[in-house]
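Novice: Any chance you can model this:
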Amino acid sequence: MQAIVTADKKPLYPFGLPLAEMHIHISLALLPELFLRRIKQGRTTIKPEFLLKRDDRYYPTLSHHHAVYEQMRHITSTPSELAQVTQDYLERIAREGAIYAEISNSFRDPKNFEGQLDALEESIRCARHNTGIEARIVVTTLRGPDQNGVSGPDRAETAACYMAKHPREFVTGFGLVGDEGLDSFADYARAFAIAFHEAGLGLAPHVAEQFLHNAVDFLHTVPKEALNIKSDDHRRLRAGHATLIHTSTKLMDSFGMASVGIESLLSANNRINLPEETRKMRVGDVITSESGRSVTVDRPLQKYFKNVADHPLAHFRQRGLNVCLGSDNPLLQNTNIGKEYSLAVKAGLATVEDLLDLTANAIRFANVDNVTRLALMQKVELYRAQLSADKLPNQTAGGYRRSYTI
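Specialist: Residues are numbered from 1 along each chain as shown. Okay, here's the model as predicted:
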């Protein structure tokens, strides 16, 4: 078992470790230089200091984070811009060792959506050609009513129906994002059913990022066929964030028994504060969802929003949960998937084997065909064999080398 040697501002894992990016909102995964170019073009009111002032990329509430996101969202607006950002990010993380990524794109305007998907799929093909990285797309839908008064569940059903009628080669997942306090998770059951049964998509909704009550309804809202899904099915069930389930042994055990993949987003959880209601949770509190289901808090809330070392990632692994990593919003949170693996070390994962297990979990819970899954898992197991033999490679799985490895 190889221990990890920590060092400030350097990756806390060996060069060549296979990585997997399982949760990223791709439109804002811009390189800093491209972001500065957009500022010069007057495409956002955000100032260049955003990249330099540490506190500007920490958020007192999720609403503040969303407000900054909306100020930036249009800096990636055309298909060519989306393709550039996507290909740049995929190739960048491939050079760091990433072998797989699932990227999210929000369904907002059906008239522009086909062009966006064309751009995403072409960028995935180009990045795969150039680096060998595989990637798939998760179509997401936003919670809460829109400016026209259309409810979140109605918009979600529209998005799911759209994908059922317009299947795409690389669209393999369906997700739910946004403020968990705006509506009931249970109200999205029909949208999840359409996405899973009619569109043939895996499911990866955000849950228990800000409020625990969403997780209470999670296993009762997704289609029962999505739980403990058969190994030969290309679809998987994951929960984005799910951080707050660490306060309930019952929820952790339920998610584990149902074979739900957990996407841990360390930077996002550390940089976006929790609402006061959640921060005040105490052992013994009964949390009730809008559907009337309840769960009792039996573990104290860990203060990961103050210190990433207090993130429940290590505890999730100790309980046997299938955890993988994601960078969420790289530009807004000053991160990328390589940094997330380093943060996992700070959060208590002590060995290279621990980190490799995160990648193995990611591949097991990826929304890919089994031929692709097998090929990706072979890369993971090859590295595991090299690790066991104490013969770590001097290049990534895609063949990228550095003159001075760390």
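Novice: what's the spacing between the residue nearest to Leu313 when sequence neighbours are not counted and Val371?
Specialist: The shortest distance from Leu313 to any non-neighbouring residue, by CB to CB, 6 or more residues apart in numbering, is to Ala347 (4.5 Å). Quick note: C-beta positions are derived from backbone N, CA and C, even for glycine. Counting by CB to CB, to the nearest Å, the gap between Ala347 and Val371 amounts to 33 Å.
Novice: the more surrounded of those two?
Specialist: Here Ala347 and Val371 are compared on neighbour count by other CB atoms under 10 Å; more neighbours surround Ala347, at 24 against 9.
Novice: which residues sit in contact with that one?
Specialist: Contact criterion CB atoms under 8 Å, 6 or more residues apart in numbering gives Leu266, Tyr304, Val308, Ala309, Asp310, His311, Leu313, Ala314 as the residues in contact with Ala347.
Novice: circling back: phi first, then psi, for the residue nearest to Leu313.
Specialist: Phi and psi for Ala347, reported as degrees, to the nearest 10, are phi -90, psi 10.
Novice: gap between Asn367 and Ala239?
Specialist: Shown here: Asn367 relative to Ala239, a distance of 14 Å by CB to CB.
Novice: Same question for Cys161.
Specialist: As defined by CB to CB, Cys161 lies at a distance of 23 Å from Ala239.
Novice: who has more neighbours, those two?
Specialist: Ala239 (26 against 15).
Novice: Setting aside sequence neighbours, what's the nearest residue to the more buried one?
Specialist: In space, and not counting its chain neighbours, Ala239 is closest to Val207: 4.8 Å by CB to CB, 6+ apart.
Novice: what's the burial count for the one you found?
Specialist: Taking other CB under 10 Å as the definition, Val207 ends up with a neighbour count of 30.
Novice: what pLDDT does Leu266 get?
Specialist: In this model, Leu266 is scored at 98, pLDDT.
Novice: Test my guess that it contacts Ala309.
Specialist: No - the criterion here is CB atoms under 8 Å, and Leu266 misses it with Ala309 at 10.0 Å.
Novice: which one of the two has more residues nearby?
Specialist: Set side by side, Leu266 and Ala309 show unequal neighbour counts under other CB under 10 Å, the larger going to Leu266 at 26 against 15.
Novice: picking up where we left off before, now do the shared contacts for Asn367 and Ala239.
Specialist: Shared contacts of Asn367 and Ala239, defined by CB under 8 Å, 6+ apart, comprise Ala204.
Novice: how about the helices in the stretch 51-200 of the chain?
Specialist: Counting by DSSP state H, counting those that start in this stretch, the stretch 51-200 of the chain forms helices over residues 62-72, 79-96, 110-131, 152-165, 189-193, given from the N-terminal end onward.
Novice: Which stretch among these approaches Phe15 most closely?
Specialist: The closest of these to Phe15 is helix 79-96. By CB to CB, the value is 8.5 Å.
Novice: helices or strands next to that closest one in the packing?
Specialist: Where contact means 3 or more CB pairs under 8 Å, 6 or more residues apart in numbering; DSSP states H and E, helix 79-96 is packed against strand 19-25, helix 32-40, strand 98-106, helix 110-131, helix 337-346.
Novice: ranking those by mean pLDDT, which is last?
Specialist: Among the helices and strands packed on helix 79-96, helix 32-40 scores lowest, with a mean of 91.
Novice: Buried residues of that helix, list them for me.
Specialist: Buried residues in helix 32-40, defined by neighbour count with 16 or more other CB atoms under 10 Å: Leu34, Phe35, Arg38, Ile39.
Novice: How about stretch 396-406?
Specialist: Within stretch 396-406, the residues that qualify as buried are Thr396, Ala397, Gly398, Tyr400, counting by 16+ other CB under 10 Å.
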